[in-house]
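Asks: Kindly generate the corresponding structure for this input.
(chains A and B)
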2 protein chains.
Amino acid sequence: MKTKSVEDIVLEIKDKSELMVDLAYSSILYDNKTIAKEVYDLEDLVDSLYRDIQKITLENVKNKGFGISDALTVLRLAECGEKISDAAQEIADVELRDVELHPILKMSIRESDVVFTRVQVGPQSILCGKTLGELKLGSETGMYVRAMRHGDRWVYGPDKNTRIDRGDVLFARGPEDGEKHLINLATGKTRKI
Amino acid sequence: MKTKSVEDIVLEIKDKSELMVDLAYSSILYDNKTIAKEVYDLEDLVDSLYRDIQKITLENVKNKGFGISDALTVLRLAECGEKISDAAQEIADVELRDVELHPILKMSIRESDVVFTRVQVGPQSILCGKTLGELKLGSETGMYVRAMRHGDRWVYGPDKNTRIDRGDVLFARGPEDGEKHLINLATGKTRKI
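Replies: Numbering: from 1, shown residues only, chains lettered A, B, ... in the order given. Okay, here's the model as predicted:
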C-alpha cells in the first residue's frame, strides 16, 4: 500500500471533520442514532489519521529534509481538524445520551445560516437513477448531500459517483431557498433541475 | 436591551464558529492577515457568548424551571461551538505567525470536497448593484459568500441584505462546478445566473 502523503492526510482530516459536524447536527435534529454512531466511527478514523500524520511528519523531518516550519504547520492543521472532530463527537453524544432536543432549540439550529434538511426521493423524481455528479445538485440547488440512506445501507459523505434511487433518504445542508428546490425535485413536484 | 434567549445564543455560537472555520482556511489559502485577524475578533465574541450562555442557563435553572437535561444539552452544544471556534483561531494563527503555507499543502486544502475561491466583481458583472438575497447566489450557484471586501471595508458573514458592487472582492466556498459559475458571473463572462 502506497503511504499517503502528509498533504493527503491533512485534507482527509479536514474533510472528515467537517462532514462529522454536519452529521452530528443532523443526528440531533432528526433524532437519528445511526448517524450519531457514524460520527463515533469517523472520530476513530480521524484519531488514527492524526497518529499517522504525526509519525510521518517526524519521519519526513528526520529523513527527508522536511523543514521545521512546514512540519509545524502540518501538525497544527491536523490538530485543529482533530479538535473539530472531537467537538462533533460531543454533539453526536447529545443524541446518543437519549436526550430529545428541546423543540425550540431544534428549531433554532435548523434556522441557522445554513439549513439542514431530510427528504425522501419519490418514484416520480428526476433524481432517480442519476449520480450526484450528473445532477450537479450542489451547484444547481446549493444543497450539499452529506448522508444518504439506501434501504438498509447508509452512505456518508457521498461523492459524484453516488447514484440516487427511488426511496433513498437524503440528508443535506444548504441555503434556505435551496432546500425548497431540493424537496420539490425529490418529491417529483419539479421536473427540471 | 432585550436579553437574548439561550436558543439565540446557541445558534449564534454555531453560526459564528462555522464562519470562523471558513474564514480561517481562506486566510491561509489567500495569505490574508486581515481575515485572520477577524477570526481572532470573532473568537473574543464567541468567548463572551459562551460566558453569557452559561450564566443565563444557570439563572434559568434556578429561577425559571429550566430542566437539568435541557440545561446540560444547551451547555454541551455551546461548549462544542466554542471548541470549534478555538480550532478556527489556531488555523488563523498559522497565517498570523508569518509562515507561508507550503504550495502543495495549499493546493491540497483548496481541492477538498468544498473549494474556496476569491474573485473580484468586474464592471460588466450582473452581480453589481444587487443584494445577495436578490441574487440567491447560494441556491443558484452553490457558492456561499463568507466574506467581502468593499474598498477598505470588510463584511464578514454577509447576509441577504448585503449588496454587491463593482470592484468588491468575494471570498466564497462551495462545490467545484459552482466556483466556475461564480467566477464567470463576477467577471461578466456569464450574463445569466
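
Asks: how about the strands in chain A?
Replies: All strands of chain A, identified by DSSP state E, fall at A:115-120, A:144-150, A:153-156, A:169-174.

Asks: So which of those strands is the most surrounded?
Replies: Highest mean neighbour count of these: strand A:169-174, a mean of 23 (counted as mean count of other CB atoms under 10 Å in any protein chain shown). In this view, the C-beta of every residue, glycine as well, is placed from N, C-alpha and C.

Asks: got the contact list for it?
Replies: A:22-23, A:26, A:30, A:35, A:114-121, A:137, A:141-149, A:164, A:179, A:182, A:186, B:138-139, B:142 (CB atoms under 8 Å, 6 or more residues apart in numbering or on different chains).

Asks: quick one on the thing from earlier: format the strands of chain A as CSV; extra columns: mean pLDDT.
Replies: CSV is the format used below for the strands of chain A (pLDDT from 0 to 100):
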stretch, mean pLDDT
strand A:115-120, 91
strand A:144-150, 93
strand A:153-156, 93
strand A:169-174, 93
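
Asks: Quick check: buried residues in stretch A:93-111?
Replies: Buried residues in stretch A:93-111, counting neighbours by 16 or more other CB atoms under 10 Å in any protein chain shown, are found at A:93, A:94, A:95, A:99, A:101, A:102, A:105, A:106, A:108, A:109, A:110.

Asks: Can you list which of those are found in helices?
Replies: A:93, A:94, A:95, A:105, A:106, A:108, A:109, A:110 (DSSP state H).

Asks: Pull the contacting residues for the fifth one.
Replies: Right, the one you point to is residue A:106. A:28, A:29 are the contacts of residue A:106 under CB under 8 Å, 6+ apart.

Asks: what's the distance between residue A:113 and residue B:186?
Replies: 21 Å (CB to CB, to the nearest Å).

Asks: right, I mislabeled it, should have said residue A:188
Replies: 34 Å.

Asks: out of the two, which sits in the busier spot?
Replies: Looking at residue A:188 and residue B:186 with other CB atoms under 10 Å in any protein chain shown, you find the greater number of neighbours at residue B:186, namely 26 against 16.

Asks: so what's the more buried one closest to, chain neighbours aside?
Replies: Nearest non-adjacent residue to residue B:186, counting by CB to CB, 6 or more residues apart in numbering or on different chains: residue B:119, 4.4 Å away.

Asks: Alpha carbons of stretch A:186-193, in PDB - could you do that?
Replies: Coordinates of each C-alpha in stretch A:186-193 appear next as PDB, following Å, rounded to 0.1, in the frame of the first residue of the first chain:
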ATOM      1  CA  ALA A 186     -37.100  14.800  -4.700                       C
ATOM      2  CA  THR A 187     -40.900  14.600  -4.400                       C
ATOM      3  CA  GLY A 188     -41.200  15.000  -8.200                       C
ATOM      4  CA  LYS A 189     -43.100  18.300  -8.000                       C
ATOM      5  CA  THR A 190     -40.300  20.000 -10.000                       C
ATOM      6  CA  ARG A 191     -39.200  18.100 -13.100                       C
ATOM      7  CA  LYS A 192     -36.300  20.400 -14.100                       C
ATOM      8  CA  ILE A 193     -33.200  20.900 -12.000                       C
END
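
Asks: quick one: buried residues of that stretch?
Replies: A:186, A:188, A:190.

Asks: Would you agree the first one is in contact with residue A:121?
Replies: Yes. Under the contact definition of CB atoms under 8 Å, residue A:186 touches residue A:121, with a separation of 4.8 Å.

Asks: intersection of neighbour lists for those two?
Replies: With CB under 8 Å, 6+ apart as the test, residue A:186 and residue A:121 both reach A:127, A:170.

Asks: Can you get me a residue count around the spatially closest residue to residue A:102 that is not a sequence neighbour?
Replies: Using CB to CB, 6+ apart and skipping the chain neighbours, the partner closest in space to residue A:102 is residue B:70 (4.9 Å). Applying other CB under 10 Å, we find 19 other residues in the vicinity of residue B:70.

Asks: again, but for residue A:56
Replies: Neighbours of residue A:56 (other CB under 10 Å): 18.

Asks: shaky segments in chain A?
Replies: Residues of chain A meeting the criterion pLDDT under 70: A:1-2.

Asks: 90 - rerun?
Replies: Along chain A, the parts satisfying pLDDT under 90 run over A:1-5, A:31, A:65-66, A:69, A:97-116, A:138-139, A:152, A:160, A:175-178, A:190-193.
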